[in-house]
Every structure is written in C-alpha cells, then in structure tokens.
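Asker: Sequence and predicted structure, then a few things I'm wondering about:
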Amino acid sequence: MYDLLNTGLVFTQSENENDTPITTNYVISEYARIKVHAVNQLIRRYKSEMKSLGLNAREVPKVIEKNTNGRPKITYLLNEKQSVFIIALLRNTKQVVEFKRNLANAFVEVKKLLSKRQITHSNSKPITKTLGQAIQDNPNITNKFAYSTFNKLIYKHALGINTNQLRKTKGIPKHDVISDYLTVDEQQELNKIKNLVISLLNINLDYQTIKQTLENLPSKQLQGSK
C-alpha cells in the first residue's frame with residue numbers, strides 16, 4: 001500500500017490518481033487503542049452494512065498473510081464510509097475522539113491530493129495532443145514510431161528515468177497509462193519539456209537535433225514529490 005502523505009492513517013493500493021483512499025483494521029486498532037480482534041469482530045458482525053458502504057456488493061476487501069507463527073493475518077481494506085461506520089461503534093474515549101478527527105483530516109487531504117493530480121493530468125492532455133500534431137507536421141520526422149520515441153525521450157529528460165524504469169519504480173501494470181501515476185510535480189515537469197519539444201518541432205528540427213538540445217539542458221529527478 002502507498003502512504004501518499006505519510007500520515008500512517010490513510011493509504012491507496014497503488015499510486016494511480018484514480019485509486020480509492022482506504023484505511024485498515026490495524027490502523028483502527030492502533031490509534032483507537034483496541035485489540036485488532038475486536039475490530040475484526042465488528043467488521044464481521046456488521047458484514048451486510050459494510051458491504052452496503054463499499055464500492056460494490058462483494059465481501060469487504062481483505063489481504064490474507066501469515067504471521068511469524070504461521071497463523072493467518074487478515075488485513076481489511078476499508079474505504080472512508082466503512083471506516084467511519086466502524087469507528088462510530090466504538091466508545092468515545094479520548095483516544096478514539098482524537099483518532100476520528102485525525103482520520104477524517106487524512107481522508108480529506110489524500111482526496112484533495114488525488115483530485116489535484118487528476119486536474120493537472122486533465123489540463124495536460126491538450127499539450128500531449130499538440131505534441132502529436134507537431135510530430136506529424138514536421139517533414140523531418142518520418143519514423144512511424146516517432147511519437148513513442150519522443151515520449152520516451154521526454155520522460156527520460158524530465159524525470160531522469162526512462163518509461164520502463166518508471167513502471168518498475170511505481171509498480172505500474174503493463175497495460176496501465178503511465179500518466180495516471182504521476183505526481184503533480186512530475187506532470188508539470190513533463191509539460192515543460194513537452195512544450196519545449198513542440199517549439200523545436202515547429203521549426204522543423206529533426207529528432208537527433210532535438211535530443212541533443214535536451215541533453216544540453218540540466219535534467220530533473222522528481223520521484224517522491226507529490
């Protein structure tokens with residue numbers, strides 16, 4: 001799981017901007033200061049209510065691992081509504097009240113971050129479209145795989161890492177779109193380089209000249225930014 005804001009409270013299962021923020025039974029147990037067994041009992045007791053608060057009618061998502069003693073360790077993945085429902089069933093101790101406030105704030109901040117990434121990504125799409133048109137209109141660019149070649153070049157210069165390495169670093173599945181996994185800073189840096197490449201394409205420079213121009217500029221490495 002990914003702790004995008006390092007809160008230790010709210011996570012996503014991937015770095016995809018469309019992922020759903022979640023918390024777990026273990027987070028509730030730790031911060032509400034009750035045994036995880038008690039949290040699990042509540043989840044199972046109110047199984048139908050938990051399902052109705054989920055994204056679909058399936059069983060509440062969970063990850064089953066093994067403890068060091070070989071016994072199963074079940075981690076329930078709870079969305080915001082499910083976690084609020086479970087916490088509402090707890091006695092309002094000082095610790096629980098504080099946890100409610102902190103968890104609510106963490107969900108808000110993670111959703112704001114994901115929304116900001118979505119907006120930045122959406123605003124970047126016209127630039128990507130213009131790049132494709134500039135490649136097509138340049139008489140010195142004839143390779144049918146030119147867009148892919150330029151895209152790899154832009155990623156390498158903007159982020160200091162090629163697209164294959166980026167997929168590995170961020171755990172991006174083969175068929176997923178890389179741009180769905182970019183931070184705001186990464187997307188903005190890509191846009192800067194795309195705009196530069198568009199300008200160079202518009203004056204009919206060839207690929208090698210554009211590549212050399214980019215290599216003469218300082219590169220950036222932005223992994224880990226938000």
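Answerer: Yep, that arrived. Since the structure is predicted, the reported quantities are computational estimates derived from the model, not experimental observations.

Asker: Helices of this protein, start to end?
Answerer: With DSSP state H applied, the chain shows helices at 25-32, 36-45, 47-52, 80-88, 94-137, 146-159, 163-170, 184-202, 207-215, listed in chain order.

Asker: These into a markdown table, with extra columns for mean neighbour count?
Answerer: All C-beta atoms are positioned from the backbone trio N, CA, C, and that covers glycine. Converted to a markdown table, these look like this (neighbours: other C-beta atoms under 10 Å):
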| stretch | mean neighbour count |
| --- | --- |
| helix 25-32 | 20 |
| helix 36-45 | 15 |
| helix 47-52 | 13 |
| helix 80-88 | 19 |
| helix 94-137 | 15 |
| helix 146-159 | 19 |
| helix 163-170 | 15 |
| helix 184-202 | 19 |
| helix 207-215 | 15 |
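
Asker: Out of these, the one nearest Glu65 is which?
Answerer: Nearest to Glu65 among these is helix 25-32 (11.2 Å), distances taken as C-beta to C-beta.

Asker: coming back round to it: want to try TSV for the helices of the chain, with mean pLDDT and distance to Pro72 as columns?
Answerer: Listed next are these as TSV, based on pLDDT from 0 to 100; distance: least, C-beta to C-beta, whole Å:
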stretch	mean pLDDT	distance to Pro72
helix 25-32	96	13
helix 36-45	94	11
helix 47-52	89	18
helix 80-88	95	20
helix 94-137	96	26
helix 146-159	93	40
helix 163-170	92	30
helix 184-202	96	38
helix 207-215	94	52
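
Asker: Format these as JSON lines; extra columns: distance to Glu17.
Answerer: Formatted as JSON lines, the helices of the chain follow (distance: least, C-beta to C-beta, whole Å):
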{"stretch": "helix 25-32", "distance to Glu17": "22"}
{"stretch": "helix 36-45", "distance to Glu17": "28"}
{"stretch": "helix 47-52", "distance to Glu17": "26"}
{"stretch": "helix 80-88", "distance to Glu17": "17"}
{"stretch": "helix 94-137", "distance to Glu17": "4"}
{"stretch": "helix 146-159", "distance to Glu17": "16"}
{"stretch": "helix 163-170", "distance to Glu17": "12"}
{"stretch": "helix 184-202", "distance to Glu17": "9"}
{"stretch": "helix 207-215", "distance to Glu17": "26"}
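
Asker: and Gly8, which of those is closest to it?
Answerer: helix 25-32 (7.4 Å).

Asker: Run through who's touching that closest one.
Answerer: Residues external to helix 25-32 that are found in contact with it (C-beta atoms under 8 Å, 6 or more residues apart in numbering): 8-9, 34-36, 38-40, 43, 74-76, 78, 83, 86-87, 90, 93, 95-96, 99, 102-103.

Asker: cool, stretch 193-203 as well?
Answerer: The contact list for stretch 193-203 (C-beta under 8 Å, 6+ apart) reads 127-128, 130-131, 134-135, 137-138, 141, 150, 153-154, 157-158, 209-210, 213-214.

Asker: For the strand ranked longest in the chain, which strands pair with it and how are they oriented?
Answerer: The longest strand of the chain (DSSP state E) is strand 72-78. Strand 72-78 pairs in its sheet with strand 23-24 (antiparallel), strand 62-66 (antiparallel), by DSSP bridges.

Asker: Report the buried residues of it.
Answerer: Thr75, Tyr76, Leu77, Leu78 (16 or more other C-beta atoms under 10 Å).

Asker: what domains does the record give for the protein?
Answerer: 23-111, 120-215 (automatic domain parsing).

Asker: any chance of those domains in TSV, with distance to Gln13 too?
Answerer: Formatted as TSV, the domains of the chain follow (distance: least, C-beta to C-beta, whole Å):
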stretch	distance to Gln13
domain 23-111	7
domain 120-215	10
